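[1] Sequence and predicted structure below; questions after.
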Amino acid sequence: MSAQIGTSVATVGSVVRGIFGRRFSTFAGMALTAMTLGGCTVPLAPLVSADPADPGAKVAGVSYRSTIAPYDSLRPTTPSGWKEQNQSVARPPKSGHEH
């Protein structure tokens with residue numbers, strides 16, 4: 001089984017190397033030409049709003065909004081110790097059993 005996989009990988013590798021060896025220079029030349037000529041194109045549609053490259057273009061004002069502006073502290077008092085907190089939420093002792 002591993003011999004079949006090795007043969008398949010070797011076959012595919014040789015085919016890929018053959019394709020890229022012959023066609024790589026053609027592909028590279030076409031890519032270079034496309035990138036060179038792509039920079040020479042004219043915009044097809046006019047800008048709808050102000051030109052972003054214009055330093056005098058009108059823009060919206062910058063303002064600050066706090067992300068926690070409507071926050072109100074919900075603590076009615078200052079925090080107390082953990083023993084007092086536990087005593088306030090503990091179950092009342094059962095009648096007749098004291099610990």
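    Structure received.

[2] Quick check: what element follows the worst-scoring helix or strand of the chain on mean pLDDT along the chain?
    For the chain, the helix or strand with the lowest mean confidence is helix 2-38, at a mean of 73 (criterion: mean pLDDT, DSSP states H and E). Proceeding C-terminally, helix 2-38 gives way to helix 82-89 as the next helix or strand, assigned by DSSP states H and E.

[3] elements contacting that following helix?
    Helices and strands touching helix 82-89, by 3 or more Cβ pairs under 8 Å, 6 or more residues apart in numbering; DSSP states H and E: there are none. Every residue, glycine included, has its C-beta placed from N, CA and C.

[4] do you know how far residue 2 is from residue 89?
    Applying Cβ to Cβ, to the nearest Å, one obtains 67 Å for the distance of residue 2 from residue 89.

[5] Over to residue 56?
    In this view, residue 56 and residue 89 are 65 Å apart by Cβ to Cβ.

[6] ditto for residue 8
    Using Cβ to Cβ, we find residue 8 at a distance of 69 Å from residue 89.

[7] Comparing those two, which residue is more hemmed in?
    In terms of neighbours (other Cβ atoms under 10 Å), residue 8 is the more surrounded of residue 8 and residue 89; the figures are 10 against 6.

[8] what residues are up against the more buried one?
    With contacts taken as Cβ atoms under 8 Å, 6 or more residues apart in numbering, residue 8 has no neighbouring residues.
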